[in-house]
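1. Here is the input, now give the coordinates:
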Amino acid sequence: MPVLDHTIVASHDHRHAAASVAGLLGLPEPVTLGHFAVVRVGSTTTLDFVDVDGPITSQHYAFLVTEAEFDEIFGRIAEHVMPYWADPGHGHPGEINTWDGGRGVYFDDPSGHRLEIITRPYGTGGSTAARPHPPVGRSSITEPVASPLPTRPARAPGRRSPRMRRRPRAGPGGRSGRPGHRSSLRWICRSHGVSRSGARCG
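-> Numbers count the residues shown, from 1 in each chain. The predicted model follows:
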C-alpha cells in the first residue's frame with residue numbers, strides 16, 4: 001500500500017509557520033532541508049513548509065490524535081489565545097465537536113491553513129453514534145461509490161463481441177478468410193481489373 005511521504009505547505013515565513021505548527025502539535029522541531037522547513041508528523045510523512053510569493057490558497061490538514069494528545073494540544077491553543085471552531089466553515093467559534101463519539105476542533109496556522117485534530121477517524125462512529133459525523137448522518141458510509149470510469153453495456157446472451165467476430169472470407173478460393181495465392185490473384189483481377197501490384201490484368 002502506498003504511503004504518503006510528504007506534502008508541501010505554502011507560507012510567507014516557512015520557518016515561523018513550521019515552528020508554530022510543530023509546537024502546537026507537540027512534534028519534533030523542524031529541520032531545514034534546502035529551502036524547506038520540514039516537520040515530521042509520523043514515521044514516514046512530513047510537512048514541508050516553503051515560502052511562496054503572492055496570496056496563499058488555504059488548505060486543510062487533519063491530524064488523528066489520542067484523547068491525551070487532544071487535551072495537550074487544546075491546552076496550547078487556549079494558552080496562546082488562538083481562535084478555534086467546531087466546524088470547517090468557522091460557523092461555531094469557541095466550540096469543539098463530539099462527532100463519531102470523539103472530539104474534534106479546527107484552528108488556523110500562521111499562513112491561514114485550516115488545521116484539525118480529531119480523536120476518531122471520520123465515520124468510525126457510524127450513523128448510530130450520538131453525534132455522527134455530518135456526511136455520515138446524511139448517508140450510510142457503506143454505500144458503494146460510483147466508479148468514475150465508463151462501463152461497457154452488457155452484451156445480449158449468445159451474441160459475439162464485435163472484436164470476436166470472424167473475418168469474412170476474402171475470396172472464393174481461400175480458407176478461413178485467406179485465399180490461396182493463385183486463386184486470390186484471379187479473384188482480384190476479376191473483381192477489380194488490376195493485380196495486387198497495380199498493373200492491369202491481361
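
2. Strands of the protein, start to end?
-> 6-11, 31-33, 36-40, 46-51, 60-64, 104-108, 114-118, 174-175, 178-179 (DSSP state E).

3. if you skip the residues just before and after it, what's nearest to Val105?
-> Ile96 (4.3 Å; CB to CB, 6 or more residues apart in numbering). (C-beta placed from N, C-alpha, C; glycine too.)

4. give me every residue that touches Ala130.
-> Applying CB atoms under 8 Å, 6 or more residues apart in numbering, we find Ala130 in contact with Thr98, Gly101.

5. His12 versus that one, what's the distance?
-> Computed with CB to CB, to the nearest Å, the distance linking Ala130 and His12 is 41 Å.

6. rewinding a little: I'd say the residue nearest to Val105 and Ile77 touch.
-> No - counting by CB atoms under 8 Å, Ile96 does not reach Ile77; the two are 10.0 Å apart.

7. Which residues outside stretch 3-13 are in contact with it?
-> 17-18, 38, 44-52, 56-57, 59, 61, 110-111, 113.

8. Just the terminal-to-terminal distance for that stretch.
-> In stretch 3-13, first residue to last residue: 28 Å (CA to CA, to the nearest Å).

9. For that stretch, give the mean pLDDT please.
-> The average pLDDT within stretch 3-13 is 97.

10. got it, and stretch 24-38?
-> 97.

11. Below-threshold pLDDT in this protein: ranges please.
-> Low-confidence segments of the chain (pLDDT under 70): 136-202.

12. domain ranges for it?
-> 6-138, 170-202 (automatic domain parsing).

13. Pick the most deeply packed of the ones you listed.
-> domain 6-138 (a mean of 16; mean count of other CB atoms under 10 Å).

14. beta partners of the closest residue to Ser111 other than its chain neighbours?
-> Excluding its sequence neighbours, the residue lying closest to Ser111 (CB to CB, 6+ apart) is Ser11, at 4.1 Å. With DSSP bridges applied, Ser11 shows beta-bridge pairing to Asp51.

15. Could you measure from Glu69 over to Arg103?
-> Taking CB to CB, one finds Glu69 at 11 Å from Arg103.

16. nope, Ile73 is what I was after
-> Taking CB to CB, one finds Ile73 at 11 Å from Arg103.

17. dump the residue contacts of the nearest residue to Glu67 once chain neighbours are set aside.
-> Spatial nearest neighbour of Glu67, excluding adjacent residues (CB to CB, 6+ apart): Thr119 at 5.5 Å. Shown in contact with Thr119 (CB under 8 Å, 6+ apart): Leu64, Val65, Thr66, Glu67, Phe70, Gly102, Arg103, Gly104.
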